[in-house]
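Student: I'll drop the sequence and a predicted model, then ask my questions.
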Amino acid sequence: KSTGNNKIQKNGNPISEITLPSKYSIGANNIPTSYKYTIKGKAAAYCQPGGKTATGKAVKPGLIAVNPKQIPYGTEMWIVSDDGVVYGYCIAADTGGFIKRYPTGIDLFMDTERQCINFGVRQAEIYILE
């Protein structure tokens, strides 16, 4: 359910609306306590209300666009921008145009255009979960 919150908070609640499965835990500084590896990349915000992902799911915060050659669809991740904005738990479900310029980049779905503008493009740490 959309909260309609347009603010992007550093070290605040995750933007993603997908609940972190209990098999994972998040430790200090919003870093997962275990993960396979990390990718440093650009994260851009996008908004497409009513849209569908490349995998056929309805868009929502937590289903993100990736380069499927780098991060296969279905990959579970935890994302935190370098300046402390927590996107949180997400799943690779779409391919975005942003990927053409930044092969290791990701597009993060946001509920509103205002959230997208507030987030913009940031460096992020992408934790690939187990």
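Tutor: Nice, I can see it. Numbers count the residues shown, from 1 in each chain.
Student: What residues sit buried inside stretch 76-86?
Tutor: Judged by neighbour count using 16 or more other Cβ atoms under 10 Å, the buried positions of stretch 76-86 are 76-81, 85-86. C-betas here are computed from N, CA, C, even on glycine.
Student: Need the max-distance pair from those.
Tutor: The most widely separated members of the buried residues of stretch 76-86, counting by Cβ to Cβ, are E76 and V85 (19.3 Å).
Student: From G97, how far out is S25?
Tutor: 34 Å (Cβ to Cβ, to the nearest Å).
Student: Can you classify the most centrally placed residue in the chain as helix, strand or coil?
Tutor: The centre of the chain sits closest to L108, judged by Cα atoms, centre = their mean, with a distance of 4.5 Å. Secondary structure, DSSP: H, G, I helix; E, B strand; the rest coil: L108 is strand.
Student: mind showing which ranges of this protein have poor pLDDT?
Tutor: The chain contains residues with pLDDT under 70 at 1-11, 98.
Student: And the strands in it?
Tutor: Taking DSSP state E as the criterion, the chain carries its strands at 37-46, 63-65, 76-81, 86-94, 106-109, 121-128.
Student: Could you export those strands to JSON lines, including columns for distance to P21?
Tutor: Compiled in JSON lines, those are given as follows (distance: least, Cβ to Cβ, whole Å):
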{"stretch": "strand 37-46", "distance to P21": "19"}
{"stretch": "strand 63-65", "distance to P21": "15"}
{"stretch": "strand 76-81", "distance to P21": "8"}
{"stretch": "strand 86-94", "distance to P21": "8"}
{"stretch": "strand 106-109", "distance to P21": "19"}
{"stretch": "strand 121-128", "distance to P21": "14"}
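Student: Can you say which of those strands is nearest to N29?
Tutor: strand 76-81 (8.0 Å).
Student: Using CSV, write out the CA atom coordinates for that closest one.
Tutor: Presented in CSV, the C-alpha positions along strand 76-81 are these (Å, rounded to 0.1, in the frame of the first residue of the first chain):
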residue,chain,number,x,y,z
GLU,A,76,17.3,-10.4,-3.9
MET,A,77,19.2,-7.3,-2.8
TRP,A,78,19.5,-4.6,-0.1
ILE,A,79,20.3,-1.1,-1.3
VAL,A,80,21.7,1.9,0.6
SER,A,81,22.9,5.1,-1.1
